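Undergrad: Can you look at this prediction? I've put the sequence above it.
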Amino acid sequence: MAFDEKLAARIKAQLGKKKGIVEKKMFGGLAFLLNGNMSCGVHGNEMIIRLAPEETDKALAKRHVRVFDIAGRGPMKGWILVEPEGLKTEQDLAAWVDTGVKYAASLPPK
C-alpha cells in the first residue's frame, strides 16, 4: 500500500529535529517512533495516531476521526486514524502530532 508522501513531509516538518524520532515503514505506511515507541504516522492518505487508551473515545467523538483496525483484528484502544479533511490546516496537524508525541514520550524507551 502506498502512503501519502506529502502528509509524511508535513508530519516531518512538525516534528522538526526532535531528539529520538526515527522513521520506520509499518502498517503499509510510514511511522514516526519516539525512543522506539510509535507516536504517529501515515497510513494510506490518513494520519495514524497513537494516544492514551483512555483518550480514544474522546478522540473518536471528533469529526474526521475513526478507529484504526489493524488487519481486521478489531478496534484497539489508543489507535486512531484522522482523515485528510481533519488535517487541512497546519494547526490541526500540529495538534495531532503533539497528541502522539506526548503519549509516546510517556512510555519507557524501547
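TA: Cool, got the structure. The model shown is predicted, which means the values in this text are computed figures rather than measured ones.
Undergrad: In the lengthiest helix in the chain, which residues are buried?
TA: Counting by DSSP state H, the longest helix found in the chain is helix 90-106. For helix 90-106, the neighbour count (16 or more other C-beta atoms under 10 Å) marks Leu93, Trp96, Val97, Thr99, Gly100, Val101, Tyr103, Ala104 as buried. To be clear about C-beta, it is placed using only N, CA and C from the backbone, and glycine gets the same treatment.
Undergrad: Return the distance of that helix from the chain's centre.
TA: 8 Å (C-alpha atoms, centre = their mean, to the nearest Å).
Undergrad: I'd like the average pLDDT over it.
TA: Per-residue pLDDT over helix 90-106 has a mean of 97.
Undergrad: again, but for stretch 46-55
TA: Taken as a whole, stretch 46-55 carries a mean pLDDT of 96.
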